[in-house]
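A.B. asks: Using only what follows, build the 3D model:
(2 chains)
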Amino acid sequence: DTEVTQTPKHLVMGMTNKKSLKCEQHMGHRAMYWYKQKAKKPPELMFVYSYEKLSINESVPSRFSPECPNSSLLNLHLHALQPEDSALYLCASSQGTHYEQYFGPGTRLTVT
Amino acid sequence: GESVGLHLPTLSVQEGDNSIINCAYSNSASDYFIWYKQESGKGPQFIIDIRSNMDKRQGQRVTVLLNKTVKHLSLQIAATQPGDSAVYFCADLGVTSGTYKYIFGTGTRLKVLA
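C.D. replies: I've put the predicted structure just below:
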């Protein structure tokens, strides 16, 4: 199984809402990632978890809060987002730092 | 890779021709490189990778060339097919402030003409 799954596929939320994005992989990968991708732009790294510990936070605003409950799951909790946060949020996993990343299909987020 | 400009470069090729997509990277300490394909509405999909101790690697219909001297990476697709139409990103893995992370290039849209 080389699949990374993400839910939901689409999410529309108001600026006062709280929501969560979920990501799951069953490849035994110990590194998991959140990326943000705007239209016609490359993915931008947000967070990296390595062995369930946060190893990289790319100066992401605190309205985005990542969580890694176990080695297969990665969540991104959203609160008080801004319209400019609307984007495709991609989750990825890899065996380690010098291995290819497997991406999920993404969650298309719209903040109204 | 490096993100420059606001427009996505586009390469149009005839079906059956070979395609060459180029990428420049900026971190001379980068030691691992990946090419991804991203189709509309999907996440990036791994195509091929290359480590810095190599200058060429071949896969099925794809070849990646690495020129560390000029910090340049290219992806060659042989006998381009309509299913190859997508946006292609290079990504390089380098150390910044003691931490390994991937930096994605701007991306190139490949359009295959029938």
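A.B. asks: Pull the residues that contact the lengthiest strand in chain B.
C.D. replies: If you go by DSSP state E, chain B has its longest strand at strand B:86-96. Outside strand B:86-96, the residues within contact range by Cβ atoms under 8 Å, 6 or more residues apart in numbering or on different chains are A:42-43, A:97-98, B:1, B:8, B:21, B:23, B:25, B:27, B:29-40, B:44, B:47, B:73, B:75, B:100-105, B:107-110. C-beta here means a position set from N, CA and C on the backbone, and glycine is covered the same way.
A.B. asks: Give the buried subset of these as a ChimeraX selection command.
C.D. replies: Buried residues within the contacts of strand B:86-96, by 16 or more other Cβ atoms under 10 Å in any protein chain shown, are selected in ChimeraX with:
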select /A:42,43,97 /B:1,21,23,25,30,31,32,33,34,35,36,37,38,44,47,73,75,100,101,102,103,104,105,107,108,109,110
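A.B. asks: before we move on, the earlier item: residues of the longest strand of chain B that come out buried?
C.D. replies: Neighbour counts using 16+ other Cβ under 10 Å place B:Ala86, B:Val87, B:Tyr88, B:Phe89, B:Cys90, B:Ala91, B:Asp92, B:Leu93, B:Gly94 of strand B:86-96 among the buried residues.
A.B. asks: In a markdown table, list these along with pLDDT.
C.D. replies: Shown next, in a markdown table, are the buried residues of strand B:86-96 (pLDDT from 0 to 100):
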| residue | pLDDT |
| --- | --- |
| B:Ala86 | 97 |
| B:Val87 | 97 |
| B:Tyr88 | 97 |
| B:Phe89 | 96 |
| B:Cys90 | 96 |
| B:Ala91 | 94 |
| B:Asp92 | 92 |
| B:Leu93 | 89 |
| B:Gly94 | 82 |
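A.B. asks: Can you tell me which of those is nearest chain A?
C.D. replies: B:Phe89 (5.4 Å; Cβ to the nearest Cβ).
A.B. asks: Identify all residues paired with the closest one through a beta bridge.
C.D. replies: B:Tyr36 (DSSP bridges).
A.B. asks: Most widely separated two among the buried residues of strand B:86-96?
C.D. replies: B:Ala86 and B:Gly94 (25.1 Å; Cβ to Cβ).
A.B. asks: wait, what's in contact with B:Gly43?
C.D. replies: Per Cβ under 8 Å, 6+ apart, neighbours of B:Gly43: A:Val4, A:Leu90, A:Ala92, A:Phe103, A:Gly104, A:Pro105, A:Gly106.
A.B. asks: Who's the closest spatial neighbour of it, skipping the chain neighbours?
C.D. replies: A:Phe103 (3.5 Å; Cβ to Cβ, 6 or more residues apart in numbering or on different chains).
A.B. asks: How about A:Gln6?
C.D. replies: Per Cβ to Cβ, 6+ apart, closest to A:Gln6 is A:Gly104, 3.9 Å.
A.B. asks: This completes my enquiry, with thanks.
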